[in-house]
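*Asks:* Let me see the structure of the following:
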Amino acid sequence: MTVVGLDDTDSRDRGMCTTYVAARIAERLRRGGTAVERCLLVRLNPAVEYKTRGNAALAIHTDADPDRAFDIARERLESLAETADERTHPGLVVTDDAPDAVADDVSAFTRQAIRDHLEIADAVALLERRGYRSWHVGDGRGRIGALAAVGAWNALSEWTTEYISYRESDRWGTPRDVDRESVFAAADRGYPDVWDTVDRGEGEAVCVPHTPGPILHGIRGDDPDAVRDVADRIESEPVASSQSFVTNQGTDVHLRKGTLESVADGRAYRVDGRVASDPETRRGGHVFVDLEGETGTCDGEPRRLECAAFEPTKRFRDRVRALRVGDRLTVCGEVARGTLKLEKFAVRDLVTTERVTPTCPDCERRMKSAGRNQGYRCRDCGTSADGKAERPLERDLERGWYEVPPCARRHIAKPLVRGGFDAPTHPER
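*Replies:* The predicted structure follows:
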């Protein structure tokens, strides 16, 4: 078995898509009479600064001769990669190691590429140590993702499916002709095995991109047959070709368990804490709230972490606005410039009462302060109370998990509808 890994062929401005390049390599291999067992779409750390939107690397598992596979992949990369963009630095890695027998250090490299940061030198050293064939353009940063894709099958255990349909090349860069009603009808038929096809709250066909690249639509889910069925039911402009990918999308594999004291920029975490500030809506509609630890640091003050629900998360911001000081949470998201960008959170415990100025039992008016540390007194009736009273607090939240809507979901983030969470879920559709 031969594994072909590739990365960094697309451009934020000029388009292209590494999945498309991989699909064309797989097509060329099949045309030559060799089998392609699977294509992998591996989402890497979504927080790295030099990524394109989805930070995807690709791998092709084939029974082709390694030298032939290398030559075909290199030719397709040279032909299709958007190297006119100075930020695009394609990389190619080929090995004759079986996908499930890749060396442990390569699998460790994959996991690190998903949760941490790697340098080009790290990839080069490992390539030399393993003797893998490789090729690159520019500084060859794409070798990081290509090598990570090679090790992915042995490194990861949870996989989902994406079925991608591609446009005819003369339509690239033009508005996509996709019937919106057929997308929503197909999404309803496929749900919940097929997810994040549409955002019903925003009325958006999430599966249809807005970039100038070759993708017409991409359908994601747990069941390969259901995913393809949804794609087949969408009415649109002609589909030039399609490819099914096995992927780590929708798995939360990028999240690491952290503490408020240990979080660092450029990584994604799952962190426990207590709400320490009232939610604040700032300019642009972004909502911020502070989380603090249950215990103090060495200086006696609890460590705080600012959490944010940015405007693109839409109705999710109302969930954050409904939080109250004292609520206990588990939050998930990427940390950048000391702020955790919320992808989802779990309410572990809700504050259900609030302390208020007591009411006079005789006239039912609010009492007034009787002075510092002297409680409260009703000036009309003479009644008194030692301190504030507690009353029930109505909450718009329940215990359990809340998530950003499909229109704001990271590719790698796990939708609540997939299940397997440690508390009740409140999925967004």
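
*Asks:* Mind jotting down where the helices sit in the stretch 201-350 of the chain?
*Replies:* With helices called from DSSP state H, counting those that start in this stretch, the stretch 201-350 of the chain shows them at 224-233, 316-321.

*Asks:* oh sorry, the question was meant for the stretch 51-200 of the chain
*Replies:* 66-80, 104-115, 120-130, 142-155, 180-190.

*Asks:* ranking these by burial, who's on top?
*Replies:* Highest mean neighbour count among the helices of the stretch 51-200 of the chain (mean count of other Cβ atoms under 10 Å): helix 142-155, with a mean of 29. Every residue, glycine included, has its C-beta placed from N, CA and C.

*Asks:* Give the other helices and strands that that helix contacts.
*Replies:* strand 2-7, strand 36-43, strand 56-62, strand 91-95, helix 104-115, helix 120-130, strand 133-136 (3 or more Cβ pairs under 8 Å, 6 or more residues apart in numbering; DSSP states H and E).

*Asks:* Over the fourth one, what's the mean pLDDT, rounded is fine.
*Replies:* Mean per-residue pLDDT for strand 91-95: 96.

*Asks:* Likewise for the first one?
*Replies:* Per-residue pLDDT values over strand 2-7 give a mean of 96.

*Asks:* Helix 142-155 and that one, what's the angle between them?
*Replies:* Angle, strand 2-7 to helix 142-155, by axes from the mean of the first three to the mean of the last three Cα atoms, to 10 degrees: 130 degrees.

*Asks:* okay if I get the helices of the stretch 201-350 of the chain as CSV plus mean pLDDT, distance to Asn373 and mean neighbour count?
*Replies:* Formatted as CSV, the helices of the stretch 201-350 of the chain follow (pLDDT from 0 to 100; distance: least, Cβ to Cβ, whole Å; neighbours: other Cβ atoms under 10 Å):
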stretch, mean pLDDT, distance to Asn373, mean neighbour count
helix 224-233, 98, 66, 19
helix 316-321, 98, 35, 20
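
*Asks:* quick revisit: ok, which of the helices and strands packed on helix 142-155 comes nearest Glu292?
*Replies:* Glu292 lies closest to helix 104-115 among the helices and strands packed on helix 142-155, at 24.7 Å (Cβ to Cβ).

*Asks:* pLDDT (mean, whole number) over the closest one?
*Replies:* Mean predicted lDDT for helix 104-115 stands at 97.

*Asks:* Excluding residues flanking it in the chain, which one is nearest Thr339?
*Replies:* Nearest non-adjacent residue to Thr339, counting by Cβ to Cβ, 6 or more residues apart in numbering: Glu306, 4.6 Å away.
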